[in-house]
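[1] this one's structure only:
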């Protein structure tokens, strides 16, 4: 499972006109992340989460960035510290937005880090949990291209690991690509990317 590729979400940019302090802070943090300054972004998102305790997105992004940065981490102490912190913020976002699809996808990604780190150890422990989360997400949002893409990428990783055919998931990638063309995030500062990732996966695995 170490070949599982991280889905990096694209970020929404907004005009600074008439933005609230929360919106300005969120945009600045997202800009820092886009500028490849993930830890600076994390620090700012943490401050926003404390200043705006009723908003789930700041905690979500703290967790998401830490999870993304944990893929491929070889220092076990650093990995554990990052993942523990990511889980704390993930749990905070769950309290505020338990049924949010993006929170569910991040939950699955958190477990995927461990499976990617050591499939022999964590595949049996967490693999079923990840599949269960994606199945729930696809049931709740069957036409959400981000859900379809994430689930297809997980299924492709599992098929490769177990030496099974990838073909069944190619149609899912094609479906995601079509749906991405008209996809609109459900709220401000929500993740919205994935179209290019779906195209890349299709080219890599379905020719």
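    Received the coordinates, thanks. Nothing here was measured: the structure is a model prediction, and the numbers come from that model. Numbering: from 1, shown residues only.

[2] With residue 56 as the reference, measure out to the most centrally placed residue in the chain.
    By Cα atoms, centre = their mean, the chain has its centre lying nearest to residue 106, at 4.5 Å. Per Cβ to Cβ, to the nearest Å, residue 106 is found 11 Å from residue 56. The way it works is simple: take the backbone N, C-alpha and C, and place the C-beta from them, glycine included.

[3] list residues touching both of those two?
    residue 93 (Cβ atoms under 8 Å, 6 or more residues apart in numbering).

[4] follow-up on the earlier one: now the element after the strand or helix carrying the residue nearest to the centre of the chain, going C-ward?
    Using DSSP states H and E, residue 106 sits within helix 101-117. Following helix 101-117 in sequence order, the next helix or strand is helix 119-140 (DSSP H and E).

[5] List the buried residues of the helix or strand just after that following helix.
    Remark: after helix 119-140, the chain's next helix or strand is helix 145-162, criterion DSSP H and E. Neighbour counts using 16 or more other Cβ atoms under 10 Å place 145-159, 161 of helix 145-162 among the buried residues.

[6] hmm, back to that, wait, the residue nearest to the centre of the chain touches residue 68, no?
    No: checked against Cβ atoms under 8 Å, the pair residue 106 and residue 68 is beyond contact range at 9.9 Å.

[7] Any stretches of this structure with poor pLDDT?
    Applying pLDDT under 70 to the chain flags residues 1-17.

[8] who's in contact with residue 83?
    Residue 83 is in contact with 66-67, 70, 110, 113-114, counting by Cβ under 8 Å, 6+ apart.

[9] just residue 138 next, same as before
    With contacts defined as Cβ under 8 Å, 6+ apart, the neighbours of residue 138 are 147-148, 151.

[10] again with residue 127
    With Cβ under 8 Å, 6+ apart, residue 127 has these contacts: 115, 158.

[11] Repeat the analysis, applying 10 Å as the threshold.
    Residue 127 sits next to 1, 111-112, 114-115, 119, 154, 157-158, 161 when contact means Cβ atoms under 10 Å, 6 or more residues apart in numbering.

[12] and those as a markdown table, adding distance to residue 50?
    Below are those laid out as a markdown table (distance: Cβ to Cβ, whole Å):
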| residue | distance to residue 50 |
| --- | --- |
| 1 | 35 |
| 111 | 27 |
| 112 | 28 |
| 114 | 28 |
| 115 | 32 |
| 119 | 37 |
| 154 | 33 |
| 157 | 36 |
| 158 | 38 |
| 161 | 40 |
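
[13] wait, which of those residues is closest to residue 173?
    residue 154 (12.2 Å; Cβ to Cβ).

[14] Wait, that closest one touches residue 133, no?
    Yes: in this structure, residue 154 is within contact of residue 133 by Cβ atoms under 10 Å, at 9.3 Å.

[15] Need the overlap of contacts for the two.
    Residues touching both residue 154 and residue 133 by Cβ under 10 Å, 6+ apart: 108-109, 111-112.
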